[in-house]
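S.K.: Build the 3D model from these lines:
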Amino acid sequence: MKLIVFGATGKTGQHVWKHGLEQGHEVTAFTRSPVKIDPNAGARIAQGDVTDPDAVAEAIASHDAAIVALGPNGLRDRTTLTTGTRNVVDGMKRHGVTRLVVLSAAGAGESWGQVPLLSRVAFRTFLRTILAEHTAQEAIARESPLDWTLVRAGVLNDEPASGDVVATNKGKITRIGRADLGAFLVREVTEGAYSRQAISVTS
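M.R.: Down below sits the predicted model:
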């Protein structure tokens, strides 16, 4: 499969494109900062800003699927997740690419009851803008005609990959390692176990 990863130089995005290569896919890493990616790693590098609709659409052409692993540029960023995701959706529609996986956060939408009290307090205070962005980002994917999946991750950490990922919309969501999350995102984009669904993930 030909995959394109948006947010490829972020802490989670780096794991996504590397897992994609390990699983035998042709991977394009879309980034504003190509110098952050080893040119010998095996990924094709597309330089551009996710807020630039033409750059995004041009990069999407000829791919089979896209993974959006964007992160906000600070606690008050109200545009990166929503504008970036909208541009990806529009670019996919323009080029007839249908499979989309979007990284969101546990606590968004109906997953609010899955997160612990401390996470709820954080989302109601200093993380409220980020939660609002994720909620709006999810709506953009849901309202599209694409074959989308929303992956709501628990609190992220940099623990080594364990291979132990629990996907549930009923159980409690606490923490998950970025390495395990990256592997799950790639697996979901290819297998489609949660097509046109939101799913929460934790370790």
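
S.K.: State the next helix or strand along the chain beyond the lowest-mean-pLDDT helix or strand in the chain.
M.R.: Ranked by mean pLDDT, DSSP states H and E, the weakest helix or strand in the chain is helix 117-124, scoring a mean of 94. With elements assigned by DSSP states H and E, the helix or strand that comes after helix 117-124 is helix 128-142.

S.K.: need the contact list for residue 13.
M.R.: 5-7, 29, 69-71, 182 (C-beta atoms under 8 Å, 6 or more residues apart in numbering). Using the backbone N, CA and C atoms, a C-beta is placed for each residue, glycine as well.

S.K.: Tabulate those residues (JSON lines), appending distance to residue 60 and neighbour count.
M.R.: Shown next, in JSON lines, are the contacts of residue 13 (distance: C-beta to C-beta, whole Å; neighbours: other C-beta atoms under 10 Å):
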{"residue": "5", "distance to residue 60": "11", "neighbour count": "33"}
{"residue": "6", "distance to residue 60": "9", "neighbour count": "29"}
{"residue": "7", "distance to residue 60": "14", "neighbour count": "24"}
{"residue": "29", "distance to residue 60": "13", "neighbour count": "28"}
{"residue": "69", "distance to residue 60": "15", "neighbour count": "26"}
{"residue": "70", "distance to residue 60": "15", "neighbour count": "23"}
{"residue": "71", "distance to residue 60": "20", "neighbour count": "17"}
{"residue": "182", "distance to residue 60": "20", "neighbour count": "26"}
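
S.K.: what helix or strand does the residue nearest to residue 33 when sequence neighbours are not counted sit in?
M.R.: Nearest non-adjacent residue to residue 33, counting by C-beta to C-beta, 6 or more residues apart in numbering: residue 9, 5.6 Å away. Residue 9 is part of no helix or strand when elements are defined by DSSP H and E.

S.K.: and residue 124, how many residues sit next to it?
M.R.: Residue 124 has 11 neighbours, counted by other C-beta atoms under 10 Å.

S.K.: do residue 49 as well
M.R.: Residue 49 has 15 neighbours, counted by other C-beta under 10 Å.

S.K.: Could you pull out the strands in the protein for me?
M.R.: Per DSSP state E, the chain carries strands over the ranges 2-6, 26-31, 44-47, 65-68, 99-105, 147-153, 155-157, 166-168, 175-177, 197-202.

S.K.: residues making contact with the third one?
M.R.: With C-beta under 8 Å, 6+ apart as the test, strand 44-47 has contacts from 4, 26-32, 34, 37, 39, 59.

S.K.: Sort these by pLDDT and name the bottom one.
M.R.: Within the contacts of strand 44-47, residue 39 has the lowest pLDDT, namely 90.

S.K.: If anything else comes up later, I'll come back, but that's it for now.
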